[in-house]
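Student: just the structure for this:
(one chain, ligands or ions: 2)
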Amino acid sequence: RVRGVRHKVRDGDMLLLNADEKSVIVRPSASTEETFQHELVDRQKKKARYAAMRDDPAVTKDNVPITLMINAGLRDDMSALATTGAEGVGLFRTEFQFLISATLPQRERQQRFYRDVLDAAGDKPVIFRTLDIGGDKALPYLKDETSEEENPALGWRALRLSLDHAGLMKTQARALIEASAGRTLNVMFPMVSEPWEFDNAKAIFEGQMTFLGKLKKQLPSKVRYGAMLEVPALAETLDILLPKIQFLSIGTNDLTQFLFAADRADPRLAERYDWLSPAILRFIKRVVDTTDGHGVDVAVCGEMGGRSLEALALIGLSALTDSLSSHVVKEVLYRPRPCRDELIAHKIRFLAKTCGLNGSFTSSHATNHFGIAMFLFQTLKKSTSLWGFGFLWA
Ligand code: PEP
Ligand code: MG
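Tutor: Numbering: from 1, shown residues only. Ligands and ions are numbered 1, 2, ... in the order given. Here you go, the predicted structure:
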């Protein structure tokens with residue numbers, strides 16, 4: 001979000017847009033422009049480096065495999081499976097098709113779209129997330145029902161909205177089931193706050209399976225159900241939920257905004273929204289530990305998994321399936337290629353436990369591995385010892 005931009009930009013102005021840093025420079029000076037050009041060249045080189053890693057196995061130095069998947073939402077995104085060598089789509093945001101459409105997409109259109117996506121994925125799995133609309137993703141044709149909320153992110157959105165609009169969810173369920181005829185359907189529900197919501201959503205899918213079975217339609221060969229963990233309350237009832245699901249995906253984007261009570265879309269709160277904070281690391285560790293022994297696949301599908309340092313922390317916390325920019329995570333694996341042995345996991349846990357860092361450790365300290373190592377060294381040197389993070393530049 002760029003505020004007041006219309007007062008600052010005139011017709012014909014040159015703009016330098018850096019989507020990664022979410023910055024725009026208006027009427028750049030010659031030297032800024034030159035720096036930008038250099039950055040573009042660097043970026044091309046980086047792209048080439050990523051491309052060269054495409055077929056390298058995603059394993060740590062001590063041979064622990066990491067499953068890397070991409071996030072997608074449009075048909076065009078599917079080409080990234082080939083370019084990155086990712087193992088599948090860990091999060092397919094089905095609402096994108098609804099957001100770019102002027103009217104509610106009808107069942108046949110949805111079905112064709114989901115089938116196209118599955119065809120494009122070939123043998124690779126695709127996890128379809130049911131509609132996550134409301135909040136910052138308002139649909140023009142549902143606007144009247146969602147626009148009056150004071151706190152839309154905490155409001156009538158995602159699964160809450162879908163369960164109340166059972167017709168909408170039934171249509172989507174049927175389209176997904178029909179599109180997956182003879183194949184595995186992986187379906188995931190967003191913003192589950194309590195296990196009964198998962199039960200009700202699953203019942204809608206099972207109801208459609210029965211209905212289509214009676215019509216003698218070909219059904220999916222298997223349906224796997226999963227939930228997103230992005231509402232912190234769900235972590236308190238995992239013992240009830242885990243026996244019901246096949247996979248759990250931690251949505252760190254929303255989870256972090258809820259844990260810190262900090263709007264993820266407000267740039268003024270960016271510094272309060274830190275994936276490397278003890279609160280987040282401890283929370284994720286607790287969730288991962290709770291899932292142990294339940295035969296449930298655990299993944300991270302928020303942006304955290306696609307950032308170099310944060311991905312390292314996730315590897316250390318054994319949240320081993322990362323969904324997002326797999327090339328970034330691969331770079332983590334190959335430079336400096338960490339060892340996810342007990343010691344490394346222990347080191348990250350040490351950070352999660354000890355962060356007696358007085359809240360002063362933020363992602364902005366982590367611009368490069370050396371920087372963060374130095375920061376930690378300076379901060380922790382008075383406490384036990386710095387056996388943590390030696391691996392960052394090893
Ligand atoms: C998340 O909340 O982490 C997530 C992956 O979902 P979205 O960003 O679409 O809300
Ligand atoms: Mg979310």
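Student: assumed residue 68 was part of a helix.
Tutor: No - counting by DSSP: H, G, I helix; E, B strand; the rest coil, residue 68 falls outside a helix, being strand.
Student: for stretch 84-103, measure first residue to last.
Tutor: Across stretch 84-103, the terminal residues are separated by 33 Å (CA to CA, to the nearest Å).
Student: residues from the stretch 201-350 of the chain in reach of ligand 2?
Tutor: Taking CB under 5 Å from the ion as the criterion, the neighbours of ligand 2 within the stretch 201-350 of the chain are 230, 251, 254. Placement of C-beta: from N, CA and C, glycine included.
Student: pretty sure the first one is touching residue 191, no?
Tutor: So that's residue 230. Yes - the pair formed by residue 230 and residue 191 meets the contact definition of CB atoms under 8 Å, at 5.9 Å.
Student: any residues in contact with both of the two?
Tutor: For the pair residue 230 and residue 191, residues contacting each of them under the criterion CB atoms under 8 Å, 6 or more residues apart in numbering are residue 254.
Student: list the helices and strands the helix or strand harbouring residue 115 packs on?
Tutor: With elements taken from DSSP states H and E, the one containing residue 115 is helix 107-121. Contact here means 3 or more CB pairs under 8 Å, 6 or more residues apart in numbering; DSSP states H and E; on that basis helix 107-121 packs against helix 79-84, strand 89-93, strand 126-129, helix 166-179.
Student: which parts of it are buried?
Tutor: Across helix 107-121, burial judged by 16 or more other CB atoms under 10 Å covers 110, 111, 113, 114, 115, 117, 118, 120, 121.
Student: now do stretch 96-104
Tutor: Under the neighbour-count rule (16+ other CB under 10 Å), stretch 96-104 has 96, 97, 98 buried.
Student: name the residues that touch it?
Tutor: Counting by CB under 8 Å, 6+ apart, 73, 74, 105, 110, 113, 131, 133, 137, 139, 140, 141, 168 sit against stretch 96-104.
Student: go on, stretch 76-87?
Tutor: Surrounding stretch 76-87, the residues in contact under the criterion CB under 8 Å, 6+ apart are 50-51, 53-55, 67-72, 88-89, 117, 120-121, 124-125, 325-327, 330.
Student: buried sites along it?
Tutor: Neighbour counts over stretch 76-87 (16+ other CB under 10 Å) mark 77, 78, 80, 81, 84, 85, 86, 87 as buried.
Student: show me which of the residues you listed is closest to ligand 2.
Tutor: The closest of the buried residues of stretch 76-87 to ligand 2 turns out to be residue 77 (CB to the ion; 17.1 Å).
Student: sec struct for that closest one, please.
Tutor: Per three-state DSSP, the secondary structure class of residue 77 is helix.
Student: quickly note the distance from it to residue 46.
Tutor: When CB to CB, to the nearest Å is applied, the distance between residue 77 and residue 46 equals 20 Å.
Student: okay, now the residue nearest to residue 180 when sequence neighbours are not counted: neighbour count?
Tutor: The shortest distance from residue 180 to any residue that is not its chain neighbour, by CB to CB, 6 or more residues apart in numbering, is 4.0 Å, and that residue is residue 220. Around residue 220 sit 20 other residues, with neighbours defined as other CB atoms under 10 Å.
Student: so residue 220 touches residue 178, yeah?
Tutor: No - with the criterion set as CB under 8 Å, residue 220 and residue 178 do not qualify as a contacting pair; they are 9.1 Å apart.
Student: which single residue in the stretch 1-150 of the chain comes nearest to ligand 2?
Tutor: In the stretch 1-150 of the chain, no residue comes nearer to ligand 2 than residue 132, which is 6.1 Å away by CB to the ion.
Student: what pLDDT is listed against the closest residue to that residue other than its chain neighbours?
Tutor: Once its chain neighbours are removed from consideration, residue 132 has its nearest residue in residue 190; the separation is 4.1 Å (CB to CB, 6+ apart). Model confidence at residue 190, expressed as pLDDT, equals 97.
Student: got a list of what residue 190 touches?
Tutor: Residues counted as contacts of residue 190 (CB under 8 Å, 6+ apart) are 129, 130, 131, 132, 158, 159, 228, 230, 251.
Student: got a pLDDT number for the third one?
Tutor: Reading off the per-residue confidence, residue 131 sits at a pLDDT of 95.
Student: now residue 174: closest residue in space, sequence neighbours ignored.
Tutor: Among residues not flanking residue 174 along the chain, residue 208 sits closest, at 4.8 Å (CB to CB, 6+ apart).
Student: do you know how far the residue nearest to residue 132 is from residue 107?
Tutor: Remark: distance between residue 190 and residue 107 (CB to CB) = 20 Å.
Student: residue 160 too?
Tutor: When CB to CB is applied, the distance between residue 160 and residue 107 equals 22 Å.
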